[in-house]
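1. Make a model of this:
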Amino acid sequence: MKRAVFFLVVSGVLLTACGEPAAKKVLVIGIDGVRPDVLAQVSTPHIDALIAAGAFSGAVVSEARTVSGPSWSSILTGVWPEKHGVNSNDLSSNNYDRYPDFLTRLELERPELNTFAVVDWPPLGTEASGGPLLGDTIDVKLTFDGEAAGYATADAQSVAAAVRYIGNQDPDAAFVYIGYPDVAAHEHGAASSEYYAAIGMADAHVGALVEAVRGRATYAAEDWLILVTTDHGHLDEGGHGGVTPEERTVFYLAVGPAALSGSPGESANLVDIAVTAMAHLGVEADPDWQLDGRVSGLAGRR
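-> Numbering: from 1, shown residues only. Presented below is the predicted three-dimensional model:
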């Protein structure tokens, strides 16, 4: 039986049915290598339900090079490559000390917040290829090895770990990475049944993560913002790194009581994810940080 949850907004503050301020929390889900036009064709009931309830654009044109290293760096830091310094899947040129990922930024600004990340592309969480992109001050950072185990297996392990953590612990800000769609496109092409199936698997993972959030014992007293995005698209034959619309077009999705319904705004882009996640938790971007992102998809913040 689904639990009924009632919220009331008073002077911009979201209150629970009991009149107490809801505890703000954020979950960022990153799915590697998903073309929005293909996403629209695949059966993805869980993502579709989020789109119907939130702010979504499937026509975001990324300004980062269409490679995972620079794109995930932009998503997680809130700045474009000319600032974070990464232009390939070798992250060793990074400027993460100056422009850290949003979870590390939250630790610096609000160390009392509980931060969590789980990833299976090694450079995101380990020193492989010049990483980690996600800093070691994050409270809990779990890393699986998609290169060794295969990304379909490692994604399942990552999501299972995230579901356990979200259900049993108390994260305030979390990031979960899902990598298999990108691999399926590389191996079989973006017009293949294997790629479609990989996106379907990612949708099931998204469903499990959302169910973990909504199944929390304290969910009725919480204000969760869920942000979902991808880093780049793919050519029909597979592969990316160029400037075609199939490679550059990505999507932006924000859903939760604090999110808009419909469009997140015409200028929504990858660098907005980090800024929007922090803003939901009450951490506004300091001009001295020189972030390129802006708050997108939140009510009253268009």
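2. can you list the weak-confidence ranges in this structure?
-> 1-19, 301-302 (pLDDT under 70).
3. Excluding covalently adjacent residues, which one is nearest to residue 63?
-> residue 80 (5.6 Å; CB to CB, 6 or more residues apart in numbering). Bear in mind the C-beta positions are built from the backbone N, C-alpha and C, glycine included.
4. how much space between the one you found and residue 103?
-> For residue 80, the distance to residue 103 equals 19 Å [CB to CB, to the nearest Å].
5. ditto for residue 171
-> The value you get for residue 171 to residue 103, if CB to CB is used, is 10 Å.
6. Same drill for the two, tell me which one is more crowded.
-> Neighbours were tallied for residue 171 and for residue 103 using other CB atoms under 10 Å; the higher tally belongs to residue 103 (28 against 21).
7. Show the backbone phi and psi for the closest residue to the more buried one other than its chain neighbours.
-> Of all residues not flanking residue 103 in the chain, residue 115 sits nearest, at 4.4 Å (CB to CB, 6+ apart). The phi/psi pair for residue 115 (degrees, to the nearest 10) reads phi -110, psi 150.
8. Who does residue 115 form a beta bridge with?
-> For residue 115, the beta-bridge partners are residue 173 (DSSP bridges).
9. What's the local residue count around it?
-> When neighbours are counted by other CB under 10 Å, residue 115 comes out with 25.
10. Please give me every residue in contact with it.
-> 103, 106, 107, 138, 139, 140, 171, 172, 173, 174 (CB atoms under 8 Å, 6 or more residues apart in numbering).
11. buried residues in stretch 240-257?
-> 240, 246, 247, 248, 249, 250, 251, 252, 253, 254, 255, 256 (16 or more other CB atoms under 10 Å).
12. My error: substitute stretch 216-231 in the last question.
-> So for stretch 216-231, counting by 16+ other CB under 10 Å, buried means 216, 219-231.
13. Now do residue 278 against residue 110, distance only.
-> Distance from residue 278 to residue 110, by CB to CB: 9 Å.
14. Neighbour count: these two, which is higher?
-> residue 278 (25 against 15).
15. Please identify the helix or strand for that one.
-> helix 272-280 (DSSP states H and E).
16. what's the answer for residue 106, then?
-> Per DSSP H and E, residue 106 falls inside helix 102-109.
17. show me the contacts for residue 54.
-> 226, 253, 254, 255, 256, 259, 260, 261, 297.
18. okay if I get those as a markdown table plus distance to residue 64?
-> Listed next are the contacts of residue 54 as a markdown table, based on distance: CB to CB, whole Å:
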| residue | distance to residue 64 |
| --- | --- |
| 226 | 23 |
| 253 | 18 |
| 254 | 20 |
| 255 | 24 |
| 256 | 26 |
| 259 | 24 |
| 260 | 24 |
| 261 | 28 |
| 297 | 19 |
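19. Just the CA coordinates for the helix holding residue 278, please, in CSV.
-> Output of helix 272-280 as CSV, limited to C-alpha atoms (Å, rounded to 0.1, in the frame of the first residue of the first chain):
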residue,chain,number,x,y,z
ASP,A,272,23.5,23.0,-13.8
ILE,A,273,23.3,19.6,-12.1
ALA,A,274,25.9,20.4,-9.4
VAL,A,275,24.6,23.9,-8.8
THR,A,276,21.0,22.8,-8.6
ALA,A,277,21.8,19.9,-6.2
MET,A,278,23.7,22.2,-3.9
ALA,A,279,21.0,24.9,-4.0
HIS,A,280,18.4,22.4,-3.0
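20. next one: it to chain centre, how far?
-> Distance, stretch centre to chain centre, for helix 272-280: 10 Å (CA atoms, centre = their mean, to the nearest Å).
21. packing partners for it?
-> Secondary-structure packing of helix 272-280 (3 or more CB pairs under 8 Å, 6 or more residues apart in numbering; DSSP states H and E): strand 23-31, helix 68-77, helix 102-109, strand 222-230, strand 249-255.
22. Quick check: residue 106 touching residue 175?
-> No: in this structure residue 106 lies outside contact range of residue 175 using CB atoms under 8 Å: 10.8 Å.
23. Before I go, just wanted to say thanks for your time.
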